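Peer 1: Requesting a structural model of the entry that follows:
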Amino acid sequence: MKLGAFSISLNVKDLNASKDFYEKLGFGIFAGSFEQNYLIMKNDNALIGLFQGMFQGNILTFNPGWDENACNVDNFDDIRKIQSHLKNSGLSLLSEADEKNEGPASLMLSDPDGNIILVDQHR
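Peer 2: Predicted coordinates for the structure are as follows:
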């Protein structure tokens, strides 16, 4: 199963302070904006999303169809195929992609420790 690009989405208290911290670790701004209360920080192929006031907790994020530069990849597993595999494996989903549609969709589940996993397909 190809889940696509991986990033961690962090719920931060102070977007500017978090940006400054991760810049000291070698990350630079890749996407997002202060006006929209989020920044995507990148260091080589490592991605960290900083989100202020948008959700609780931290989220592991996968983007089928994208690489770590948000560029389309030719060979990827559609989210509906991933969803079918997860459900057939006995996993419970918190939210599901509409199986009747094509293109962008998302699903969510949690691991045994309550960590949220978002599979978010943009194409």
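Peer 1: can you give me the strands for this protein?
Peer 2: Ranges of strands in the chain, per DSSP state E, are 5-12, 28-33, 38-43, 46-52, 59-63, 105-110, 116-121.
Peer 1: which strands and helices sit next to the shortest one?
Peer 2: The helices and strands touching strand 59-63, judged by 3 or more C-beta pairs under 8 Å, 6 or more residues apart in numbering; DSSP states H and E, are strand 5-12, strand 116-121. The way it works is simple: take the backbone N, C-alpha and C, and place the C-beta from them, glycine included.
Peer 1: got it, and the last one?
Peer 2: Judged by 3+ C-beta pairs under 8 Å, 6+ apart, the packing partners of strand 116-121 are strand 59-63, helix 79-88, strand 105-110.
Peer 1: before we move on, the earlier item: which of the helices and strands packed on strand 59-63 is buried the deepest?
Peer 2: Of the helices and strands packed on strand 59-63, the one with the most neighbours on average (mean count of other C-beta atoms under 10 Å) is strand 116-121, at a mean of 20.
Peer 1: and the angle for that one with strand 59-63?
Peer 2: With axes from the mean of the first three to the mean of the last three C-alpha atoms, to 10 degrees defining the directions, strand 116-121 sits at 20 degrees from strand 59-63.
Peer 1: now strand 116-121, how far from the centre of its chain.
Peer 2: A distance of 5 Å separates the centroid of the chain from that of strand 116-121, by C-alpha atoms, centre = their mean, to the nearest Å.
Peer 1: contact partners of it?
Peer 2: Identification of contacts with strand 116-121 by C-beta atoms under 8 Å, 6 or more residues apart in numbering yields 3-4, 9, 57-65, 78-79, 82-83, 94, 97, 103-111.
Peer 1: I am finished for the moment; much appreciated.
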